[in-house]
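Participant: Coordinates for the following, if possible.
(chains A, B, C and D)
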Number of protein chains: 2
Amino acid sequence: MAAKRRQTAQQEHAADVATYVAAGGEESVQRVITAVFSVTKKLDQWYVRQFADLDLTQGEWSVLASLARAGDTCLTPSQLADLSNVAPSSMTHRLDKMAGRGLLQRRPDESNRTRTLVSLTKDGWALFSAAVRESNVVESDTLRGLSDSERHELARLLEIVIAGLDDIDA
Amino acid sequence: MAAKRRQTAQQEHAADVATYVAAGGEESVQRVITAVFSVTKKLDQWYVRQFADLDLTQGEWSVLASLARAGDTCLTPSQLADLSNVAPSSMTHRLDKMAGRGLLQRRPDESNRTRTLVSLTKDGWALFSAAVRESNVVESDTLRGLSDSERHELARLLEIVIAGLDDIDA
DNA sequence: AAGTCGAACTTCGATGACGAAATATTCGAT
DNA sequence: ATCGAATATTTCGTCATCGAAGTTCGACTT
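Facilitator: The predicted structure follows:
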């Protein structure tokens, strides 16, 4: 498969950027954004295959990871929908399924009974941990061309970008 | 909305990385990968809103962009399905809709009649160009915290990653 | 030259996701 | 205190997506 490709990944990337620039994009922007999406697209493909072993879809992974990152704090279905970029109505059924598998539990919020609080069960945490360790394999492979200092620099630059993200919505 | 957040985006990011590391991920890996996904998640949200103006879903955008990047070369439905990370059967209906809107055309491949060749129409190219110019706005905003040399360095590092992606599938 | 295997595309049934409406609860104003 | 607006969640109808089976065609074998 890799042997039959005519151009290198860099050449393809450069050609893609040129297409976007020709259509009206700025070069310094498109070069970065296109590269970011190339990486995530490839990672997404691998996640689908890796998570299939754990009977986990990407949507379920998103819920699992959101709850894990929240730590002790419970999250509501609405918050999970926001964090997962799906409609609240879609989250209902997703949580039904995951609760049925024993990955999470829902309980009413006593202080505000319109809310429902969702938290991971022990099994949910175990699955999260297993998924992180599985995905870390391909993620580590993805970055194997970078030295430690380069990874540090890459993270630093991306974190600058992240720091500005929330202010743009206005 | 931005005013009511307790922690900065960097602090949240650091906490997320810590969660993944606690679950068994490597820090130098998780710091980069988590940051990449933070950026793409935010960009995806904006794309949905921006492309709604053009009556364009993300799936349709993927087809449009794949064909545009291919330039003069026609692509088959299977290739488009691969490039868009969807099942071939899903591409059939998607192409039906887009052909109905006059964005692309399908014609049989004379040299191999099991194949169908898909190409953009004039309207398809126009919509692609409009979408690129629209999305460049938010993409440019996203990178506004980086200097030119930092953008260059960020692109360089990401391109190193891209160069190694194709060799991992083995 | 016929037959078989494989590739490409489409149809079909079932699942997942969305938006709108319905339900239930809280908050604020009169 | 009560009425009205806002919030959170769930149902419901519709459309997109998936995997599997079906169909058509090309390539390779014998």
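Participant: what's the nearest residue to the residue nearest the centre of chain A if we skip its chain neighbours?
Facilitator: For chain A, residue A:62 is the residue whose C-alpha lies nearest the centre (C-alpha atoms, centre = their mean; 6.8 Å). Using C-beta to C-beta, 6 or more residues apart in numbering or on different chains and skipping residues adjacent in sequence, the residue nearest residue A:62 is residue A:84, 4.1 Å away. Heads up, the C-betas are built off the backbone N, CA and C, glycines and all.
Participant: which residues in chain A form strands?
Facilitator: A:104-108, A:116-120 (DSSP state E).
Participant: With only the CA atoms kept, save stretch A:59-69 in CSV.
Facilitator: The C-alpha coordinates for stretch A:59-69 follow below in CSV (Å, rounded to 0.1, in the frame of the first residue of the first chain):
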residue,chain,number,x,y,z
GLY,A,59,-19.6,9.0,20.4
GLU,A,60,-19.4,6.8,23.4
TRP,A,61,-15.8,7.5,23.8
SER,A,62,-16.5,11.2,23.9
VAL,A,63,-18.9,10.7,26.8
LEU,A,64,-16.5,8.5,28.6
ALA,A,65,-13.7,10.9,28.2
SER,A,66,-15.8,13.9,29.2
LEU,A,67,-16.9,12.3,32.4
ALA,A,68,-13.4,11.1,33.2
ARG,A,69,-11.9,14.6,32.6
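Participant: is it up against DNA strand D anywhere?
Facilitator: No: judged by C-beta under 7 Å from any atom of the strand, stretch A:59-69 makes no contact with DNA strand D; its nearest approach is 11.4 Å.
Participant: Residue numbers of chain A in contact with DNA strand D?
Facilitator: Counting by C-beta under 7 Å from any atom of the strand, chain A sits next to DNA strand D at A:76-79, A:88-89, A:91-93, A:95, A:106, A:114-116.
Participant: Buried ones among those?
Facilitator: A:76, A:77, A:79, A:91, A:95, A:116 (16 or more other C-beta atoms under 10 Å in any protein chain shown).
Participant: Between those residues, which sits nearest DNA strand D?
Facilitator: Of all these, DNA strand D sits closest to residue A:76, with 3.0 Å by C-beta to the nearest atom of the strand.
Participant: Touching, that closest one and residue A:116? I think so.
Facilitator: Yes: taking contacts as C-beta atoms under 8 Å, residue A:76 lies within contact range of residue A:116: 6.1 Å.
Participant: shared neighbours of those two, anything?
Facilitator: residue A:109 (C-beta atoms under 8 Å, 6 or more residues apart in numbering or on different chains).
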